[in-house]
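Participant: I'd like to go over a predicted model; first the sequence, then the structure.
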Amino acid sequence: MILADMTAKLRASVASRTIDSDRRVCAIRLGGWAPADLLQHEDEELRRDEAEGTRVAYVAATRARTYSWSPQWAMSKGKAGPSR
């Protein structure tokens, strides 16, 4: 397994959708516009999205069988670069 992008975010900066199964409503951001239902539940959706990102990262890291590779950067003579 290679964790190539260590700077990847666990969640988006804005929620793209919310689903209310009790009311049978799915509110989706479209063309930069967001319905009121999505804006009302955005914080909840962002927390859910972050929890899912954490879960996926954990599963990926723990399913590695033999080797896990992650890029490392080190300071050498005042310059940043890959470690050796």
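Facilitator: Happy to help now that I have it. Just so it is clear, the model here is predicted, and its values are computed rather than measured. Numbering: from 1, shown residues only.
Participant: kindly list the longest helix within the protein.
Facilitator: The residue-count maximum for a helix in the chain (DSSP state H) belongs to helix 42-62.
Participant: where do the helices sit along this structure?
Facilitator: Going by DSSP H, the chain shows helices at 36-40, 42-62.
Participant: per-residue pLDDT, the residue lying closest to L10 once chain neighbours are set aside?
Facilitator: Residue nearest to L10 in three dimensions, not counting chain neighbours: G53, with 3.2 Å by Cβ to Cβ, 6 or more residues apart in numbering. The way it works is simple: take the backbone N, C-alpha and C, and place the C-beta from them, glycine included. At G53, the model reports a pLDDT of 86.
Participant: any idea how far H41 is from G53?
Facilitator: 18 Å (Cβ to Cβ, to the nearest Å).
Participant: what of T54?
Facilitator: The value you get for T54 to H41, if Cβ to Cβ is used, is 20 Å.
Participant: cool, E52 as well?
Facilitator: According to Cβ to Cβ, E52 and H41 sit 15 Å apart.
Participant: more neighbours, the two?
Facilitator: More crowded of E52 and H41, by other Cβ atoms under 10 Å: H41, with 17 against 12.
Participant: low pLDDT regions in the protein?
Facilitator: 1-6, 64-84 (pLDDT under 70).
Participant: burial count for A12?
Facilitator: For A12, using other Cβ under 10 Å, the count is 13.
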